[in-house]
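Colleague: Here you go, sequence then predicted model.
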Amino acid sequence: MLLKVASIWEQHSALRRLPCEKCGDEIYIEAAHISEPGASERLSGKCGGCGHARIIDFDISGIDANAYPALMARAWPPPAGPPYPLAEQKLPKVVDEALTTKKIADRWAIIGGRTGSMGRAFLCADTHANGALVIVKLPREPDDHDALRREIGVYMQLCWEGGRRSAHVLELLNVVPTKLTTPWLVVEVVLPGPNGAVTVDDWLREGLITTEIAHTWLSHLANAMLHCAALIDGFVHGDLKPDNLLVDEGPTLKLFDFGMSGDGAHAATVGAPAYRAPELWSNVTPTTMSDVYAYGCIGYELLTGSPPFRAREFDPDALRYAHCYGRPETDERVPQLILSCLEKQPDARPRFNPYRAYKISLGESWEGFLANVVKQFEAHHCTASRDA
């Protein structure tokens with residue numbers, strides 16, 4: 001029986017949404033085989049946990065092959081045009097002849113790019129791997145080098161040194177030595193979804209997030225944070241925000257951008273004001289509790305469509321006052337667990353690990369999951385009351 005899909009993204013999502021029949025872990029796409037051109041296709045995947053294989057046959061007759069390139073161009077704006085000189089592409093101002101051509105290091109052919117606060121990311125085709133799509137991240141300004149070196153170190157611990165991977169942390173593929181002091185970072189690509197959305201911030205702006213998706217993504221982010229904490233002692237991301245959360249097929253959330261993160265030996269850098277814990281406005285070093293606060297802000301925004309504290313961007317004093325003294329509007333869609341993450345005092349935030357409460361099995365319905373979260377929260381407070 002063929003499963004009918006309307007887009008490539010929907011097709012890949014169908015495979016990713018189905019948990020492994022043996023262990024319940026997530027399925028990674030491995031190969032595609034066209035059974036009948038323009039009509040049907042077979043996708044094969046493998047479980048990231050136990051390696052069990054899964055095969056699904058799709059009816060692809062409804063897929064518009066011309067629609068996806070436009071979404072790609074929207075998500076990853078292409079360079080100015082041939083011959084792609086440095087000035088036209090507005091590439092990072094670094095001294096390396098590789099960037100004066102349309103390829104990076106004579107290997108990764110540039111398709112498009114996005115600029116962030118601490119670097120520039122390029123969507124590229126790997127000419128050494130049959131044109132496989134990857135993201136190559138380079139420093140944009142001289143001050144970006146330290147952040148990128150820090151990010152590379154974190155990625156290596158999370159993806160290479162721990163002996164296990166997480167479906168909710170962007171996968172590290174390569175670290176490329178250069179003539180510069182900072183290597184280049186090569187990570188897996190996340191292709192644009194509905195309306196060309198790539199990040200959670202994009203999905204929020206497009207109004208695409210349902211209550212079920214919101215709770216699922218809170219679970220995904222919880223899984224990512226638990227993975228980081230298990231492999232890096234004292235891990236602090238430092239800049240949790242919707243723009244640092246990618247949305248892969250599924251829709252599956254993936255955490256990335258570790259340039260401001262810290263650990264037990266190195267302090268994290270203070271992140272975006274809209275998700276900044278009250279104590280950080282007083283120049284306090286970010287901690288795991290400030291990450292919990294940012295997690296609560298993200299949860300509130302996913303469930304309601306608006307951040308818990310708002311102020312005009314050009315009025316930092318108003319935003320600081322809102323975070324330090326304001327209270328989020330009561331909304332029945334937001335569970336108490338999320339509200340407790342928004343407490344002003346770090347010690348008043350959940351003393352148990354809120355990420356573990358949001359770590360659920362893939363097969364569980366969000367209604368059952370939410371009831372389980374409430375149950376865990378109530379059990380915690382009952383215990384705290386008895387201890388008091």
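Modeller: That came through fine.

Colleague: any chance you could map the helices in the chain?
Modeller: All helices of the chain, identified by DSSP state H, fall at 8-17, 67-75, 86-89, 144-156, 200-206, 211-231, 288-304, 316-325, 336-341, 354-357, 366-387.

Colleague: looking at those, which has the lowest confidence?
Modeller: Ranked on mean pLDDT, the bottom entry among those is helix 86-89, at a mean of 38.

Colleague: would TSV of the helices of the chain with distance to residue 56 and mean neighbour count be doable?
Modeller: For every residue, glycine as well, the C-beta is placed using N, CA and C. Converted to TSV, those look like this (distance: least, C-beta to C-beta, whole Å; neighbours: other C-beta atoms under 10 Å):
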stretch	distance to residue 56	mean neighbour count
helix 8-17	6	19
helix 67-75	20	15
helix 86-89	39	14
helix 144-156	31	19
helix 200-206	25	19
helix 211-231	20	21
helix 288-304	29	23
helix 316-325	46	16
helix 336-341	35	20
helix 354-357	31	21
helix 366-387	23	14
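
Colleague: of these, which approaches residue 265 most closely?
Modeller: helix 144-156 (11.2 Å; C-beta to C-beta).

Colleague: Out of the helices of the chain, which gets nearest to residue 40?
Modeller: helix 8-17 (11.1 Å).

Colleague: Run the angle between that closest one and helix 211-231 for me.
Modeller: 60 degrees (axes from the mean of the first three to the mean of the last three C-alpha atoms, to 10 degrees).

Colleague: quick check: domain ranges of this structure?
Modeller: Annotated domains of the chain cover 3-63, 72-188, 194-387 [automatic domain parsing].

Colleague: hang on, isn't residue 220 packed against residue 168?
Modeller: Yes: using C-beta atoms under 8 Å, residue 220 is in contact with residue 168, at 4.6 Å.

Colleague: Quick check: neighbours shared by these two?
Modeller: 252-254 (C-beta atoms under 8 Å, 6 or more residues apart in numbering).

Colleague: quick one: which of these is nearest to residue 133?
Modeller: residue 254 (15.1 Å).

Colleague: Wait, the closest one touches residue 227, no?
Modeller: No: if you go by C-beta under 8 Å, residue 254 and residue 227 don't touch, sitting 11.3 Å apart.

Colleague: Which residues are in contact with each of these two?
Modeller: The contact lists of residue 254 and residue 227 share 168-169, where a contact means C-beta under 8 Å, 6+ apart.

Colleague: now the helices of the chain as JSON lines including distance to residue 49?
Modeller: What follows is the helices of the chain, written out as JSON lines (distance: least, C-beta to C-beta, whole Å):
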{"stretch": "helix 8-17", "distance to residue 49": "14"}
{"stretch": "helix 67-75", "distance to residue 49": "30"}
{"stretch": "helix 86-89", "distance to residue 49": "41"}
{"stretch": "helix 144-156", "distance to residue 49": "21"}
{"stretch": "helix 200-206", "distance to residue 49": "25"}
{"stretch": "helix 211-231", "distance to residue 49": "12"}
{"stretch": "helix 288-304", "distance to residue 49": "25"}
{"stretch": "helix 316-325", "distance to residue 49": "39"}
{"stretch": "helix 336-341", "distance to residue 49": "27"}
{"stretch": "helix 354-357", "distance to residue 49": "18"}
{"stretch": "helix 366-387", "distance to residue 49": "19"}
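
Colleague: Stretch 206-223: how far from the chain's middle?
Modeller: Centre-to-centre, stretch 206-223 and its host chain are 12 Å apart (C-alpha atoms, centre = their mean, to the nearest Å).

Colleague: Contact partners for residue 134?
Modeller: 108, 124-126, 173-174, 186-189.

Colleague: quick one: it and residue 64, what's the gap?
Modeller: 25 Å (C-beta to C-beta, to the nearest Å).

Colleague: repeat for residue 4
Modeller: With C-beta to C-beta as the criterion, residue 4 and residue 64 are 14 Å apart.

Colleague: can you count the residues close to residue 348?
Modeller: 11 (other C-beta atoms under 10 Å).

Colleague: just residue 272 next, same as before
Modeller: 17.

Colleague: about what we covered before: residue 246: which of the helices of the chain is closest?
Modeller: helix 200-206 (7.7 Å).

Colleague: what residues does the closest one touch?
Modeller: 193-197, 209, 217, 241-243, 245-247, 251, 253, 298, 301-302, 305.

Colleague: Out of the residues you listed, which sit inside strands?
Modeller: Judged by DSSP state E, the contacts of helix 200-206 include 245-247, 253 as members of strands.

Colleague: Looking at those, which is nearest residue 24?
Modeller: The closest of those, once distances to residue 24 are taken by C-beta to C-beta, is residue 253, at 17.8 Å.

Colleague: What score does the closest one have for pLDDT?
Modeller: pLDDT, residue 253: 95.

Colleague: same question, residue 237
Modeller: Residue 237 is given a pLDDT of 95.
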